[in-house]
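In: Have a look at this fold, sequence not included:
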């Protein structure tokens, strides 16, 4: 925000100033003394500090202190903040950056997370995050994309990238890998919030609706993915009573609104999530439709990771032979054969087929392929089941 | 979207001497490809075995010069990216490029218009 108002300032000084302002806030705001418009207050402090800094710089170079800055009270309306957040989001969607780098700078500059938190969420080293930030920052600086007013057609062109960023941010929160951690849920909420802001802007399109619906369906199931003791639960074990009906209904509304000429991957994924949400249990789920939707996804963009999901849907839809044929084919690929979810899936399906020796073999391989505790515990539970027989 | 081939180069001699190290690195690369799949960029790929033959213009067969080289081709990945700039940026996110133990050559795939072979 500061960068936007004071175009001659560099990112590092802006970050210093904001940090400074926050420490002032901590000093001045006693527990019950928080100003009504806290964002506005913070911005005012930041702005004053920035002006002082610029003044100091100018004094040094010109000795002439006659320059006058008009500092007056400004109320900082919420809508402007939303606007600025959107602007920053579109800046982060620079088409020359890798999706991962886009996610990192969005977490840093739009969602305002610390590097340490980002590193933890993305399971990366702080050094790795810093490297990505330095490269991305260089690109931002070179192209001045934070300061530029992007023309409407550029904004529209960047919409798919913005959608992808929001999708990836949500997924980082949704992924099972980090167990019951508060950060994850907050991240899902942040992604939902930003998507909502985007939806309310004039830029939103049918894909935004589909993406929002997808997030809502998944958010509805968030609480049921772990047991009371914190164990990771699969779809079959989840208590469907915990699924948030309001979110599902809201999701359905947006899925309905997303109908149009273009059917994006978000439309397919949201439809799959919807079919899971409305099913009473695993058996009565419309696997035939889900299988068809995965096939559509594969036709749009084929990769072995989607094929794995397609095979699972095929299995539950009763096409067991086809399912195992795909899984066998995926095993031929070295990357896939090292993927814990492929081996976990093979283990689970052989368990259902009552072939306990094979199930056990695959699960033992899978156990070595993930380092995440919650996932290891989940696989161990399956192994115990396979050894009961 | 354009298609790109990532030609992965690393010290194959070192990998040959330690199968455990090779396993661990393939494992990490798998995680990375799963990320690329999530963002819709991954198409496919495979690591390569650490042996090979070199067929030279003069009909002399050898296993060099590449197998012994510090930066020998150890695998390939096909990806989709917006443009060359993004493809390069994606290659830079590879954990082993980050720790400087791997190099990736990024080459756009030449696809002639109206060519039915649009997927690789």
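Out: Looks like it came in fine. Because the structure is predicted, anything quoted here is derived from the model rather than measured.
In: OK, contacts around residue A:191?
Out: A:166, A:167, A:169, A:170, A:173, A:215 (C-beta atoms under 8 Å, 6 or more residues apart in numbering or on different chains). Placement of C-beta: from N, CA and C, glycine included.
In: What is the neighbour count of residue A:332?
Out: Applying other C-beta atoms under 10 Å in any protein chain shown, we find 10 residues neighbouring residue A:332.
In: so what's the backbone phi/psi at it?
Out: phi -70, psi -20 (degrees, to the nearest 10).
In: roughly how far apart are it and residue A:363?
Out: Here the criterion is C-beta to C-beta, to the nearest Å. By it, residue A:332 lies 20 Å from residue A:363.
In: Pick out the residue in the stretch 101-250 of chain A sitting closest to chain B.
Out: residue A:128 (5.5 Å; C-beta to the nearest C-beta).
In: which secondary structure element contains that residue?
Out: Using DSSP states H and E, residue A:128 sits within helix A:126-143.
In: tell me which residues in that helix are buried?
Out: Neighbour counts over helix A:126-143 (16 or more other C-beta atoms under 10 Å in any protein chain shown) mark A:128, A:129, A:131, A:132, A:133, A:135, A:136, A:137, A:139, A:140 as buried.
In: excluding its backbone neighbours, what's nearest the second one?
Out: Excluding the flanking residues, the one nearest residue A:129 by C-beta to C-beta, 6 or more residues apart in numbering or on different chains is residue A:119, at 4.9 Å.
In: And residue 98, what's its pLDDT?
Out: Picked chain A for this. Per-residue pLDDT puts residue A:98 at 95.
In: Wait, chain B was what I had in mind.
Out: Taking residue B:98 on its own, its pLDDT is 92.
In: Show me the longest helix that occurs in chain B.
Out: Selection of the longest helix in chain B by residue count, based on DSSP state H, yields helix B:19-38.
In: I'd like to know which elements the very next helix or strand once past that one is packed against.
Out: Following helix B:19-38 in sequence order, the next helix or strand is strand B:42-47 (DSSP H and E). Helices and strands touching strand B:42-47, by 3 or more C-beta pairs under 8 Å, 6 or more residues apart in numbering or on different chains; DSSP states H and E, are helix A:334-337, strand B:2-10, helix B:19-38, strand B:72-81.
In: possible to save these as a markdown table with mean neighbour count and distance to residue A:289?
Out: Listed next are these as a markdown table, based on neighbours: other C-beta atoms under 10 Å in any protein chain shown; distance: least, C-beta to C-beta, whole Å:
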| stretch | mean neighbour count | distance to residue A:289 |
| --- | --- | --- |
| helix A:334-337 | 20 | 26 |
| strand B:2-10 | 19 | 31 |
| helix B:19-38 | 18 | 23 |
| strand B:72-81 | 21 | 27 |
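In: which residues sit against the worst-scoring helix or strand of chain B on mean pLDDT?
Out: Least confident helix or strand, chain B: strand B:61-62 with a mean of 76, by mean pLDDT, DSSP states H and E. With contact meaning C-beta under 8 Å, 6+ apart, strand B:61-62 is reached by B:53, B:54, B:55, B:56.
In: one more time with 10 Å, if that's ok
Out: Outside strand B:61-62, the residues within contact range by C-beta atoms under 10 Å, 6 or more residues apart in numbering or on different chains are B:52, B:53, B:54, B:55, B:56.
In: Ok, stretch A:278-290 next?
Out: Contact with stretch A:278-290 is made by A:217, A:234-238, A:240, A:243, A:248, A:252, A:268, A:271-277, A:292-293, A:309-310, A:312-319, as judged by C-beta under 10 Å, 6+ apart.
In: Distance across it, terminal residue to terminal residue?
Out: Length of stretch A:278-290, first residue to last, C-alpha to C-alpha, to the nearest Å: 12 Å.
In: List the buried residues of that stretch.
Out: Going by neighbour count (16+ other C-beta under 10 Å), the buried part of stretch A:278-290 is A:279, A:285, A:286, A:287, A:290.
In: and what of stretch A:228-246?
Out: Within stretch A:228-246, judged by 16+ other C-beta under 10 Å, the buried ones are A:232, A:235, A:238, A:243, A:244.
In: First residue to last residue on it, what's the distance there?
Out: 22 Å.
In: and that stretch, anywhere near chain B?
Out: No: remark: stretch A:228-246 sits outside contact range of chain B, by C-beta under 10 Å from any C-beta of the partner chain, the gap being at least 17.4 Å.
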